[in-house]
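**Student:** Need a 3D model of the following:
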Amino acid sequence: LLEQVRAAQERKLGADHPDTLTTLNNLALAKKDAGKLPEAITLYEQVRAAQERKLGADHHDTLNTLNNLALAYW
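**Tutor:** Numbering: from 1, shown residues only. Take a look at the predicted model:
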């Protein structure tokens, strides 16, 4: 379902819209919880890079994604 939501948001809002990035972050979390760590890490890295460009490195959404990425690596 998250993949469907993400696809719809990308069409309607764009790939770098904060709502789309939040959904992508949630998708990465779901993949991490499902034991698909390489896929999760790839998504977290993608989200973090987009959030840094769009929102800045110190934005709370960017920091949340960085935290999630750290937990995935852990």
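
**Student:** If you average the pLDDT over stretch 48-56, what comes out?
**Tutor:** The average of the pLDDT scores along stretch 48-56 is 95.

**Student:** SS state for Asp16?
**Tutor:** Three-state assignment for Asp16 (DSSP: H, G, I helix; E, B strand; the rest coil): coil.

**Student:** residues in contact with it?
**Tutor:** Shown in contact with Asp16 (CB atoms under 8 Å, 6 or more residues apart in numbering): Ala50, Arg53, Lys54. In this view, the C-beta of every residue, glycine as well, is placed from N, C-alpha and C.

**Student:** Once you drop chain neighbours, what's closest to the last one?
**Tutor:** The shortest distance from Lys54 to any residue that is not its chain neighbour, by CB to CB, 6 or more residues apart in numbering, is 5.2 Å, and that residue is Asp16.

**Student:** Would you mind finding the longest helix in this structure?
**Tutor:** Using DSSP state H, we find that the single longest helix of the chain is helix 37-54.

**Student:** That helix - contacts with which helices or strands?
**Tutor:** helix 18-33, helix 60-73 (3 or more CB pairs under 8 Å, 6 or more residues apart in numbering; DSSP states H and E).

**Student:** in the shortest one, what counts as buried?
**Tutor:** When you say that, I think you mean helix 60-73. Asp61, Thr62, Thr65, Leu66, Asn68, Leu69, Ala72 (16 or more other CB atoms under 10 Å).

**Student:** So what angle separates the directions of that helix and helix 18-33?
**Tutor:** 10 degrees (axes from the mean of the first three to the mean of the last three CA atoms, to 10 degrees).
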